[in-house]
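> Pasted the sequence and its predicted model underneath.
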Amino acid sequence: MSEALLYNVVIPVTKAVVVVLLMAAVAGILTLVERRVLARLQVRMGPNRVGPQGSLQWVADALKLLLKEDVVPAHAEQFIHFLAPLLVMIPALTVFAFIPWGPEFSFNLPGFGPVKTGLYAADVNVGLLLLVAITSIGVYGIILGGWASNSKYALMGGLRSAAQLISYEVPMGFAIVAAILMSRSLSLVGIVEAQRDAHLWFIFPGLIAFFLYFVSGVAETNRIPFDLPEAESELVAGFHTEYSGFRWAVFFLSEYANMVTISAVATTLFFGGWLRPFPNVAWLSFLDLLPPIVWFVLKVSAFLFVYIWFRGTFPRYRFDQLMALGWKALIPLSIGNVIAVAIAALWDLRGLQVLSVLLWAGLVGGFVILQRDAAKKRAAAAPAPAGGGV
């Protein structure tokens, strides 16, 4: 086997197959985890029939969807109706080519010798730009799926999704620009390396950027409290009302794949990617006992838990509230944050450290003030003690 064939064909194809199979399994397992966590939050029993403690429920659900009859409305646009789930799924899986799960490593390939590769398919110098461009394609699948179904409920879900995308792509883009200014790189691998060289995770100077990115990411993935395109109490099921069987399962797979994507990118941009906590502190070297990919998976899992926590905690926004939050709050805040990060980045690491201190001091101070005001309100609302008798 030639070196060009190995590095340009065999290794990338192998990684692609592993990613597709892994994401299909992760999406199924996440459904089980979500149902069990929601059950615990709501003090009830979750799935517990199929397999030990319901651990095989996701396998039963997958088989049911694969064997279920695929019903297509009689007056639907047949080709577009078939194409829409693919337009959602393919971008959701493609972006994993640019997400680094760990650093480069070497292994011996029998008959070839030492081989060096990374836990990512490609380290593109504009990988972050490509990731944003590819993920933006998914909304076309949602819009076309709603339109091609020839259903008013599905069409309204698609139109809502378009409005939601426009509203939240802007603050998400500005949050990513802040990460680019701090790292001075568009490569996702380069951003992780910049955090290691700076001895600083970008969550510290990029606290506001992280908040903007994650809130926008929850909205982009149509999850509670921003699941307006598929609000079952208003639109039956939204844009996928007329989908069933395997095609509906593709939409379902894409939603969970996008959740993993948002969590993985947030980990890469703001939490050091595969780096352990405080990677340059010598006395914490015992943390290196865990491989880098384990640290990355733990961080991504924490974000996925927050997704589920949101679903079990927050009510759904009204659509006017959703638009007002995006245009009146997040977009002005994101513009101001980019200006502040740009000014701090002029002084390189020192400026980022000063910005970190200011942001976290403001956060702690604001929390203390809110707690003090809440204590005063509780004291004012408390009933006066009854007077003693004679």
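Perfect, I can see it now.
> residue boundaries of the helices in the stretch 251-390 of the chain?
Taking DSSP state H, counting those that start in this stretch as the criterion, the stretch 251-390 of the chain contains helices spanning 292-313, 319-324, 331-345, 348-381.
> Can you check which of these gets nearest to Glu169?
helix 331-345 (10.3 Å; Cβ to Cβ). From N, CA and C alone the C-beta is placed, and that goes for glycine too.
> same question for that closest one, mean pLDDT?
Averaged over helix 331-345, pLDDT sits at 87.
> Surely Ser185 is in contact with Ala194?
Yes. Ser185 lies in contact with Ala194 (Cβ atoms under 8 Å); the separation is 6.0 Å.
> circling back: include distance to Leu159 and mean neighbour count when you put the helices of the stretch 251-390 of the chain into TSV, please.
As requested, those are arranged in TSV below (distance: least, Cβ to Cβ, whole Å; neighbours: other Cβ atoms under 10 Å):
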stretch	distance to Leu159	mean neighbour count
helix 292-313	24	17
helix 319-324	10	15
helix 331-345	21	17
helix 348-381	37	12
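> Phe271 versus Thr14, what's the distance?
For Thr14, the distance to Phe271 equals 28 Å [Cβ to Cβ, to the nearest Å].
> quick one, which of the two is more surrounded?
Counting neighbours by other Cβ atoms under 10 Å for Thr14 and for Phe271 shows that Phe271 has the greater number, 21 against 12.
> Can you read off the backbone torsions of that one?
With angles defined as degrees, to the nearest 10, Phe271 sits at phi -120, psi 30.
> confidence score at it?
The confidence metric pLDDT takes the value 91 at Phe271.
> Do I have it right that it meets Leu200?
No. At 11.5 Å, Phe271 does not count as touching Leu200 under the criterion of Cβ under 8 Å.
> Just give the closest residue to Phe107, not the sequence neighbours.
Nearest non-adjacent residue to Phe107, counting by Cβ to Cβ, 6 or more residues apart in numbering: Val115, 5.8 Å away.
> Would it be right to say that the one you found lies in a strand?
Yes. Using DSSP: H, G, I helix; E, B strand; the rest coil, the secondary structure at Val115 is a strand.
> what ranges of the stretch 1-150 of the chain fall below the confidence cut-off?
Across the stretch 1-150 of the chain, residues meeting the criterion (pLDDT under 70) sit at 1, 111.
> can you give me the helices in it?
If DSSP H, counting those that start in this stretch is used as the criterion, the helices of the stretch 1-150 of the chain fall at 3-5, 11-41, 57-67, 78-94, 127-135, 138-148.
> between the third one and helix 11-41, how big is the angle?
Counting by axes from the mean of the first three to the mean of the last three Cα atoms, to 10 degrees, helix 57-67 lies at 120 degrees to helix 11-41.
> Any buried residues in helix 57-67, and which?
Neighbour-count burial for helix 57-67, with 16 or more other Cβ atoms under 10 Å as criterion, is recorded at 57-58, 61-62, 65.
> Which of those residues lies at the shortest distance from Ile176?
The shortest distance between Ile176 and any of the buried residues of helix 57-67, using Cβ to Cβ, involves Trp58 and amounts to 32.4 Å.
> how near is the closest one to Glu34?
From Trp58 over to Glu34 (counting by Cβ to Cβ), the distance is 10 Å.
> swap in Leu131?
Leu131 sits 25 Å away from Glu34, going by Cβ to Cβ.
> more neighbours, those two?
Neighbour comparison, Leu131 and Glu34: the larger count goes to Leu131, with 25 against 19 (by other Cβ under 10 Å).
> doesn't Phe98 make contact with that one?
Yes. Look at Leu131 against Phe98 with Cβ under 8 Å: they come within range, at 5.1 Å.
> Pull up the overlap in contacts between those two.
Any residue near both Leu131 and Phe98 by Cβ atoms under 8 Å, 6 or more residues apart in numbering counts here, and that gives Leu188.
> burial count for Pro103?
Using other Cβ under 10 Å, Pro103 has 18 neighbouring residues.
> coming back round to it: which of the buried residues of helix 57-67 sit farthest apart?
The distance between the two most remote of the buried residues of helix 57-67 (Cβ to Cβ) is 12.8 Å, for Gln57 and Leu65.
> Pull up the overlap in contacts between the two.
Counting by Cβ under 8 Å, 6+ apart, nothing touches both Gln57 and Leu65.
> where are the low-confidence patches of the stretch 151-300 of the chain?
The stretch 151-300 of the chain contains residues with pLDDT under 70 at 229-237.
> Where do the strands of it begin and end?
Secondary structure of the stretch 151-300 of the chain (DSSP state E, counting those that start in this stretch): no strands located.
> Show me how far stretch 308-325 is from its chain's centre.
On the basis of Cα atoms, centre = their mean, to the nearest Å, stretch 308-325 sits 16 Å off its chain's mean C-alpha point.
> Convert that stretch to CSV, retaining C-alpha atoms only.
Included here for stretch 308-325 are C-alpha records, laid out as CSV according to Å, rounded to 0.1, in the frame of the first residue of the first chain:
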residue,chain,number,x,y,z
ILE,A,308,-31.5,17.7,28.9
TRP,A,309,-31.6,19.8,32.1
PHE,A,310,-33.0,22.7,30.1
ARG,A,311,-35.7,20.5,28.7
GLY,A,312,-36.9,19.4,32.1
THR,A,313,-36.7,22.9,33.6
PHE,A,314,-37.8,25.7,31.3
PRO,A,315,-41.2,26.4,29.7
ARG,A,316,-41.3,27.2,26.0
TYR,A,317,-40.9,30.8,24.8
ARG,A,318,-43.6,32.5,22.8
PHE,A,319,-42.5,33.2,19.3
ASP,A,320,-42.5,37.0,19.8
GLN,A,321,-40.4,36.5,22.9
LEU,A,322,-38.0,34.3,20.9
MET,A,323,-37.5,37.0,18.3
ALA,A,324,-37.2,39.8,20.9
LEU,A,325,-34.5,37.9,22.8
